[in-house]
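Visitor: Kindly return the folded structure for what I paste below:
(one chain, ligands or ions: 3)
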Amino acid sequence: MATVVIIGTQWGDEGKGKIVDLLTEKADYVVRFQGGNNAGHTLVVNGEKYVFHLIPSGILHPGKLCMIGNGVVLDPAVLIKEMEKLAAAGIPVTPDKLVLSLYTHVIMPYHRAIDVAREKKKGKTAIGTTGRGIGPCYEDKAGRGGIRVHDLLDRSTFRQKLEAGIEEKNFILERYFGEKPLDIAAIEAEYLEYGERLRPFTGNVSETLQLAVAQGQNILFEGAQGTHLDIDHGTYPYVTSSNTVAGNACCGSGIGPTRIDKVVGIVKAYTTRVGGGPFPSELLDETGDRIRKVGGEFGATTGRPRRCGWLDMVVVKSSVRLNGLSGMVITKLDVLTGIPKLKIAVSYTCRGHKIDAVPPELDAVEACRPAFEEFDGWEEDLTGIRSWDELPPAAKVYLRAIEEHAGVPINIVSVGAGRNETLIIRNPFDK
Ligand code: GDP
Ligand code: IMO
Ligand code: MG
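Guide: Ligands and ions are numbered 1, 2, ... in the order given. Next up, the predicted model:
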């Protein structure tokens, strides 16, 4: 039995979805533990593309149980739409395939409205959120005014909580943001209907996981976003509103830290970021444009072009520390083919000082200038490669440099979007 946590080591979109789908072959359970439909996890299986925002990326494998833990913020309409899309593709999502924690907080229409209104008001200093209501929902959770999945199943409690929520949020929307107020009756009817639709899927994720551990099952935890979008450890305030680090797999699903065996960090072979915020190794030139084009670096959730840059080992090394990585997966190595010289940021100079960690102050991160190591590129198409030995020598040197800087072994290298476009050096589920 093994429990493996998958997390992003950069600013999201590292290819977590593809790797979770790949590793689900050996898993019995796949669990989302934080974030919401700000995530966009893309899988390509037998030439078909699937994008999941809420449903765990293990759902395409028959006979596995996917779970949405308490740490997620749930937009029920999005979950239902994803289920319907899968059903239309001949993959019905039934309660024996998906369990939704009763403790999960629900994203309400006023969360989305406030998210969008706040960004608009911020203007130039906007975070560049996905506008999905993620931050305001987590605010209500921390402020103890949130609505959880079990509330949708109880008319009178729901009405009570909704009244309290709407009163406060309409005040803010109208008086502070100058937006239209929301109508309680319409929301009440809509959300009670979602509750009935989702009732058969609700359950206790923590208890199910306890049983799974006792039975020696393999469990995979699917992180969303990336370590540098973490609310505590990321480039605050240009972050998301949840803890994205591996430790939150425990809090966000209800499993104890002694039950986690491995933590695998997904490292894109270069760096991308969507939305605002500092990005020391960003490429604002033709090489950046080329990576965006070849890598298809456009957001799976909002369609925004992703900012692209060189691989930044200062960023990755912080992730090794913050997540206690036991292994790494390098993704999208194929995208770098044909670039004559590759660079990896290995330290920063910040106001005359050499540093090798991301500083806490926003203006200090913005002042960081990376120092690079340079590597020869390669011309070979990598997408057909399935073993380490077949890799071009220059690609091996590049990968070994990543391992050396991180001090963590590479478990898998991904050379294409397809499930099989992968070299498995060591499967984290193997002893
Ligand atoms: P996630 O949010 O971490 O799951 O990543 P996304 O799905 O948002 O973005 C990764 C994108 O790269 C998706 O379109 C994947 O299909 C694609 N992808 C994943 N691994 C590889 C790879 O090794 N090579 C290439 N070319 N594309 C990949
Ligand atoms: P996956 O799981 C990349 C970014 C947004 C914005 C910031 C805050 O696909 O890797 P939010 O809506 O969460 O309040 O936005 O976080 N962001 C992501 N960037 N990948 C993601 O998820 C992201 N989820 C949020 O662009 O900068
Ligand atoms: Mg994504």
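Visitor: Show the pLDDT at Gly299.
Guide: The per-residue pLDDT reported for Gly299 equals 86.
Visitor: Packing partners of the helix or strand where Val397 lies?
Guide: Counting by DSSP states H and E, the element that carries Val397 is helix 393-406. The contact analysis (3 or more CB pairs under 8 Å, 6 or more residues apart in numbering; DSSP states H and E) places helix 393-406 against helix 313-323, strand 327-331, strand 341-350, strand 369-376, strand 410-414. Every residue, glycine included, has its C-beta placed from N, CA and C.
Visitor: If we use 10 Å, what do you get?
Guide: Of the remaining helices and strands, those touching helix 393-406 by 3 or more CB pairs under 10 Å, 6 or more residues apart in numbering; DSSP states H and E are strand 262-268, strand 311-312, helix 313-323, strand 327-331, strand 341-350, strand 369-376, strand 410-414.
Visitor: contact partners of the longest helix along the chain?
Guide: Among the elements of the chain assigned as helix by DSSP state H, the one spanning the most residues is helix 155-171. With contact meaning CB atoms under 10 Å, 6 or more residues apart in numbering, helix 155-171 is reached by 106, 108-111, 113-114, 136, 140, 143, 145-148, 150-152, 154, 173, 179-184, 187-188, 191-192, 195.
Visitor: so what's Asp363 up against?
Guide: Residues near Asp363 by CB under 10 Å, 6+ apart: Pro278, Arg351.
Visitor: switch to numbering from 43
Guide: Right, with 43 as the first residue, what we last looked at is Asp405.
Visitor: Report the secondary structure state of it.
Guide: Taken by DSSP: H, G, I helix; E, B strand; the rest coil, the conformation at Asp405 corresponds to helix.
Visitor: what about the nearest residue to Glu249 once chain neighbours are set aside, how many neighbours?
Guide: Excluding its sequence neighbours, the residue lying closest to Glu249 (CB to CB, 6 or more residues apart in numbering) is Gly296, at 7.8 Å. Counted by other CB atoms under 10 Å, the residues lying close to Gly296 total 20.
Visitor: pLDDT on the next helix or strand after the longest helix of the chain, on average?
Guide: Counting by DSSP H and E, the element after helix 197-213 in chain order, helix or strand, is helix 226-240. Confidence over helix 226-240 (mean pLDDT, whole number) is 98.
Visitor: just checking, what packs against helix 226-240?
Guide: In terms of contacts (3+ CB pairs under 10 Å, 6+ apart), helix 226-240 is packed against helix 118-130, strand 147-148, helix 151-164, helix 191-194, helix 197-213.
Visitor: how about those in CSV, adding mean neighbour count?
Guide: Output for the helices and strands packed on helix 226-240, formatted as CSV (neighbours: other CB atoms under 10 Å):
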stretch, mean neighbour count
helix 118-130, 17
strand 147-148, 25
helix 151-164, 19
helix 191-194, 22
helix 197-213, 15
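Visitor: need those in a markdown table with mean pLDDT and distance to ligand 2, can you?
Guide: A markdown table is the format used below for these (pLDDT from 0 to 100; distance: least, CB to the nearest ligand atom, whole Å):
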| stretch | mean pLDDT | distance to ligand 2 |
| --- | --- | --- |
| helix 118-130 | 98 | 13 |
| strand 147-148 | 98 | 14 |
| helix 151-164 | 98 | 7 |
| helix 191-194 | 98 | 20 |
| helix 197-213 | 97 | 17 |
